[in-house]
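Asks: Sequence first, then the predicted structure:
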Amino acid sequence: MANPKEACVDVEKPVVYVLRGAHGRLLRVDNRPFEGMNDTLAFHSAEVSRWLRRGDAQAQRDWLRETDSDVLRVMEDVIALLIERGIIDYTELPQAARDKLDIRALVRADLEGLVDRG
């Protein structure tokens with residue numbers, strides 16, 4: 001097992017952080033480092049795929065819930081990039097989507113301003 005603090009992570013390949021039991025069985029898989037983790041794996045590895053397919057539906061739902069905010073941020077960035085490059089027109093987005101994006105952008109800007117002043 002790799003020491004997670006010494007693991008060489010290829011930024012081009014997404015990794016997950018894992019906790020293995022005494023016999024090497026995956027007990028927890030997370031997209032962020034966590035206390036007690038003892039290995040890393042490529043997200044697309046067969047071992048992670050098997051873990052995601054196993055019958056532990058609650059663990060899978062928990063993992064999806066934990067990664068939702070990361071995916072949301074990625075989608076916000078993708079939408080901003082598509083608008084910036086003129087691939088999509090902001091005004092063509094549904095009004096409800098524009099409202100949500102605008103509110104999130106304002107809150108994020110306000111938080112970043114607080115951090116800068118702090």
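Replies: In hand now; what should we look at? These numbers were taken from a predicted model, which means no experiment stands behind them. Numbering: from 1, shown residues only.
Asks: use CA for all of it now, contacts and neighbours both
Replies: Fine.
Asks: And for stretch 54-65, what's in contact with it?
Replies: Under the contact criterion Cα atoms under 8 Å, 6 or more residues apart in numbering, stretch 54-65 has outside partners V29, D30, L52.
Asks: dump the residue contacts of the residue sitting nearest the centre point of the chain.
Replies: Taking Cα atoms, centre = their mean, the centroid of the chain lies closest to D70, which sits 3.7 Å from it. Residues near D70 by Cα under 8 Å, 6+ apart: none.
Asks: Show me the contacts of stretch 54-65 that map onto helices.
Replies: Judged by DSSP state H, helices contain the following of the contacts of stretch 54-65: L52.
Asks: Buried only: go through the contacts of stretch 54-65 for me.
Replies: V29, D30 (16 or more other Cα atoms under 10 Å).
Asks: What's the mean pLDDT across the lengthiest helix in the chain?
Replies: Using DSSP H, we find that the single longest helix of the chain is helix 57-84. Per-residue pLDDT over helix 57-84 has a mean of 85.
Asks: Now it: buried residues?
Replies: A59, Q60, W63, I79.
Asks: Look up how far A46 lies from the nearest residue to D89 once chain neighbours are set aside.
Replies: Residue nearest to D89 in three dimensions, not counting chain neighbours: I83, with 5.9 Å by Cα to Cα, 6 or more residues apart in numbering. According to Cα to Cα, to the nearest Å, I83 and A46 sit 37 Å apart.
Asks: Save the buried residues of helix 57-84 as JSON lines, and put in distance to E92 too.
Replies: Shown next, in JSON lines, are the buried residues of helix 57-84 (distance: Cα to Cα, whole Å):
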{"residue": "A59", "distance to E92": "38"}
{"residue": "Q60", "distance to E92": "35"}
{"residue": "W63", "distance to E92": "33"}
{"residue": "I79", "distance to E92": "12"}
